[in-house]
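Student: Sequence and predicted model, in that order:
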Amino acid sequence: PAMMKARVNRMRKFRPAQFRSAAHAQSPMPIGRYIPSTLTLIGLCCGTTAIRFALTGEWKAAVIAIVLAAVFDTLDGQAARLFRADSKFGAQLDSLADLVSFGIAPSVLVYMWTLQQAGSAGWTLALIFCVCCAIRLARFNIETVEAEDKDAANAHFTGLPTPAAACLILLPMLLSFQFHTEFFHNPFLGGAMVAVMSLLMVSRVPTISLKRMRIRRKFRVAAGGFAGLLIATAIVQPWATMTAGLLIYLAVLPFAPIFLLAPKEIDEDDEAEDLPPSAP
């Protein structure tokens, strides 16, 4: 019996590749693999719904839909790292969803809200924003592949991230929700925001990467408390909180290259967390 069992094990070991792949395909798949792509698709649905709200003139609902798309865009990356479900399919799906949610949806929203008053010039600006968003995402995909080949990832983005650009072109609209004046509804102001953010997306300016930002151990309790306070404030005063956050981000943006390209100090406690456990 022992000899027969060993022979069966050898036969299993040297099965043809097609039989091994077929058996692997029939094996149950962990549910965690599907969570990141599901979150990406939910974000895509939010971005597409924002287009519908823009066409019907429901401005606040459209902004909320784009913000939700940005939230799900953050959650899908966190879920992919948590479940170790990073894949090329997920990366491409995420880029296509971002093009809709942060390229097409916000440009249509801003056009319907104010840029249509500028006629063909306003529509041209909306098209330029979509084109720059597509270029930004394509370049990001190439840089990600190159970083994987070199086994190194940059601690910052090159150019303005598409979710940030989408939210920033909505800044005049957010201000108009709080201050009822025609100044923020001016198509020249909206067009200027769209033009500047389009240029920043395709620029080589280093910008902050929240996805790759690490908080040092001694600041994590304070960061958790600040995050809780921020969420509470966003529930009570959503438009004011979003406006303040975008204005701070916009103010910090010119100084980002100085801090991001400067040499960074090594925190021994944080480095120790990244070391693999020693073998017993």
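Tutor: That came through fine.
Student: Poorly predicted segments of the stretch 1-150 of the chain, please.
Tutor: 1-29, 147-150 (pLDDT under 70).
Student: any idea how far Gly57 is from Leu109?
Tutor: Using C-beta to C-beta, to the nearest Å, Gly57 is found at 10 Å from Leu109. C-beta coordinates here come from the backbone N, C-alpha and C atoms, glycine included.
Student: next one: the helix or strand containing Val110 to chain centre, how far?
Tutor: Assigning secondary structure by DSSP states H and E places Val110 in helix 105-113. Relative to its chain's centre, helix 105-113 lies at 20 Å (C-alpha atoms, centre = their mean, to the nearest Å).
Student: Take it, keep the C-alpha atoms, and write them as PDB.
Tutor: Written as PDB, here are the backbone C-alpha positions of helix 105-113 (Å, rounded to 0.1, in the frame of the first residue of the first chain):
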ATOM      1  CA  ALA A 105     -18.500  63.100 -15.500                       C
ATOM      2  CA  PRO A 106     -17.000  66.300 -14.000                       C
ATOM      3  CA  SER A 107     -16.400  67.900 -17.400                       C
ATOM      4  CA  VAL A 108     -20.000  67.300 -18.400                       C
ATOM      5  CA  LEU A 109     -21.200  68.600 -15.000                       C
ATOM      6  CA  VAL A 110     -19.100  71.800 -15.300                       C
ATOM      7  CA  TYR A 111     -20.200  72.300 -18.900                       C
ATOM      8  CA  MET A 112     -23.900  72.000 -18.100                       C
ATOM      9  CA  TRP A 113     -23.500  74.200 -15.000                       C
END
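Student: Which strands or helices does that helix pack on?
Tutor: helix 35-55, helix 59-82, helix 120-150, helix 162-168, helix 171-178, helix 187-202 (3 or more C-beta pairs under 8 Å, 6 or more residues apart in numbering; DSSP states H and E).
Student: rewinding a little: what about Gly57 and Leu109, which has more around it?
Tutor: Each of Gly57 and Leu109 has its neighbours counted (other C-beta atoms under 10 Å); Leu109 has more, 26 against 10.
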